[in-house]
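1. have a look at this prediction, sequence included:
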Amino acid sequence: MNDMQHGSGIPSQALPSWRRAVLKVGSNLLAADGGGLTTQYASALADFIQASRAAGREVVLVSSGAVAAGRAQLREHAPSGAGLAARQALAALGQAPMIALWQSLSPRPVAQVLLTHDDLRNRRRYLNARATLRELLACDVLPVVNENDTVAVDELKLGDNDNLAAIVAALVDADLLLIASDIDALYTADPRRDPSAVPLGRVDALTPEVLAMAGGSGSAVGTGGMRTKLEAASKAGAAGVPTALFSGRNAAAVTALAHGELHGTFFAAGRSRMQARKYWLHHAPAAPGRIHVDAGAVRALAGGRASLLPGGVLEVAGEFHRGDLVEIVDADGRPVARGLSQYGAGEVKRLAGRHSRDIESLLGYSYGTEVVHRDDLASLAEIETIGDNHA
């Protein structure tokens, strides 16, 4: 970890190049005065999103603020308790003004995407959520993601948006997680209480000593604190996504991001995003089913850059469901690759040997032109390389 000089601002450091990022914005930036939503800090963040888009980059926004917005809408009639039902009611009321805030600042259409942890644990729903987010980005729409608080069964603090943003970063294969906070970096202690606290420019490993530097929530309107930001950085790092923490209240720091400069703390990922994904595909338990493919598909998959299309499928053995990890084998049953199937076993049987354009006419619907997308596939050659690197 590199210490930075405390007192004269946070020195600049270069961000790694990125094509797709997830930006998390907390309640303390959208309801900074403790009341209703305001554009005070959101404007600069929206400008950064637009500048990134103009540069050919994609941003998925994970935005808090619904509960705070709902409370401001009701004013003196707002529930006084902090119970789950009251917070869920406030979240339901506040979702619309929160989305309206971002739409007012965006020249592009804004889409609301509400997720629960169950959506992200269930592989089929996980794939559906990812496909939706990818399609929104392809349509030049700004996705605004939030937890579906009105149906959540856990306390909202357990489903904080810092950790949700890390999960979304893995979901959309992001290159970078950006966390806009009300503090400009991770400090060795709470700078609001300890004048000797020193900011850290880079964290290579989230050791117990680093975690001990984090305190609880410092805001009356947010549900998270520095601890949840470190948890998010850990989750993102495990998926091969580095994290950048910066002050969303510093317009100059936000503007610098668009020029590839970070004034804040950079949390390195242990391995690349693709290495992390391939490693997971190698080690995760597979469904009992197998997909047999022809010689052409074997050659195409060997390079690790091709998807498995219906035309290359010979037959299906066993049972599996959409989103399951399955073994891909050649005509003689020799392993070729492993990947997440976009279709169930019965569907793949019907599609075997057919052209991708026939999928909708055969099934009456389509989850995509691939049986297994290349991003969800690890070839045998890649698996052997991963094994060598982790031996």
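-> The structure has been received and is ready for your questions. Numbers count the residues shown, from 1 in each chain.
2. wait, Pro97 sits on Gln73?
-> Yes - under the criterion of CB atoms under 8 Å, Pro97 makes contact with Gln73 at 6.8 Å. Heads up, the C-betas are built off the backbone N, CA and C, glycines and all.
3. mind listing the shared neighbours of those two?
-> Gly36 (CB atoms under 8 Å, 6 or more residues apart in numbering).
4. mind checking pLDDT for Phe267?
-> Per-residue pLDDT puts Phe267 at 96.
5. now it: how far from Leu137?
-> Per CB to CB, to the nearest Å, Phe267 is found 24 Å from Leu137.
6. where does the chain dip in pLDDT?
-> 1-9, 32-35, 76-82, 117-118, 121-122, 149-159, 215-224, 283, 382-391 (pLDDT under 70).
7. can you list the domains in it?
-> 2-270, 277-389 (automatic domain parsing).
8. any chance of these in TSV, with mean neighbour count too?
-> Shown next, in TSV, are the domains of the chain (neighbours: other CB atoms under 10 Å):
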stretch	mean neighbour count
domain 2-270	19
domain 277-389	18
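9. helices of the stretch 201-350 of the chain, start to end?
-> Along the stretch 201-350 of the chain, counting by DSSP state H, counting those that start in this stretch, helices occupy 208-211, 226-238, 251-257, 273-283, 295-302, 345-351.
10. who wins for proximity to Val145 among these?
-> helix 226-238 (13.6 Å; CB to CB).
11. elements contacting that closest one?
-> With contacts taken as 3 or more CB pairs under 8 Å, 6 or more residues apart in numbering; DSSP states H and E, helix 226-238 sits against helix 161-171, strand 176-181, strand 186-187, helix 208-211, strand 243-247, strand 264-267.
12. neighbouring strands for the second one, and are they parallel or not?
-> It refers to strand 176-181. strand 20-25 (parallel), strand 243-247 (parallel) (DSSP bridges).
13. how about those in JSON lines, adding distance to Ala165?
-> Output for these, formatted as JSON lines (distance: least, CB to CB, whole Å):
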{"stretch": "strand 20-25", "distance to Ala165": "4"}
{"stretch": "strand 243-247", "distance to Ala165": "9"}
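14. dump the residue contacts of the nearest residue to Leu186 once chain neighbours are set aside.
-> Closest residue to Leu186 apart from its sequence neighbours, by CB to CB, 6 or more residues apart in numbering: Thr265 at 4.3 Å. Neighbouring residues of Thr265 by CB under 8 Å, 6+ apart: 185-186, 199-203, 244-246.
15. nearest to Asn161, of those?
-> Leu245 (14.1 Å).
16. what about the nearest residue to His355 once chain neighbours are set aside, distance to His263?
-> In this structure, His355 finds its nearest non-sequential neighbour in Gly311, 5.9 Å apart by CB to CB, 6+ apart. Noted for Gly311: a distance of 51 Å to His263, by CB to CB.
17. do His282 as well
-> Distance from His282 to His263, by CB to CB: 38 Å.
18. same question, Ala72
-> Distance from Ala72 to His263, by CB to CB: 30 Å.
19. cool, and Gln88?
-> In terms of CB to CB, Gln88 sits 37 Å off from His263.
20. what's the answer for Ile49, then?
-> From Ile49 over to His263 (counting by CB to CB), the distance is 18 Å.
21. now do Val316
-> 53 Å.
22. got it, and Pro195?
-> Distance from Pro195 to His263, by CB to CB: 20 Å.
23. one more: Leu171?
-> Distance from Leu171 to His263, by CB to CB: 28 Å.
24. now swap in Pro143 and tell me
-> Taking CB to CB, one finds Pro143 at 26 Å from His263.
25. now for Arg19: which residues touch it?
-> 56-58, 175.
26. about what we covered before: let's have the helices and strands packed on helix 226-238 in TSV, adding distance to Ala233.
-> Formatted as TSV, those follow (distance: least, CB to CB, whole Å):
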stretch	distance to Ala233
helix 161-171	7
strand 176-181	7
strand 186-187	9
helix 208-211	10
strand 243-247	4
strand 264-267	4
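27. closest to Gly353 out of those?
-> Nearest of the helices and strands packed on helix 226-238 (CB to CB): helix 161-171, 31.8 Å.
28. what's the closest non-adjacent residue to Leu340?
-> Nearest to Leu340 is Asp376, by CB to CB, 6+ apart, at 3.9 Å.
29. distance of that neighbour from Arg350?
-> Counting by CB to CB - Asp376 and Arg350 are separated by 21 Å.
30. got it, and Leu301?
-> Distance from Leu301 to Arg350, by CB to CB: 21 Å.
31. can you show me the helices along the stretch 1-150 of the chain?
-> Going by DSSP H, counting those that start in this stretch, the stretch 1-150 of the chain shows helices at 27-30, 42-54, 66-74, 84-105, 117-121, 123-138.
32. what helices and strands are in contact with the third one?
-> Pointing back at helix 66-74 there. Using 3+ CB pairs under 8 Å, 6+ apart, helix 66-74 sits against helix 27-30, helix 84-105.
33. mind doing that once more with 6 Å?
-> helix 84-105 (3 or more CB pairs under 6 Å, 6 or more residues apart in numbering; DSSP states H and E).
34. likewise the second one?
-> In terms of contact count using 3+ CB pairs under 6 Å, 6+ apart, helix 42-54 is assigned the packing partners helix 251-257.
35. all set, thanks.
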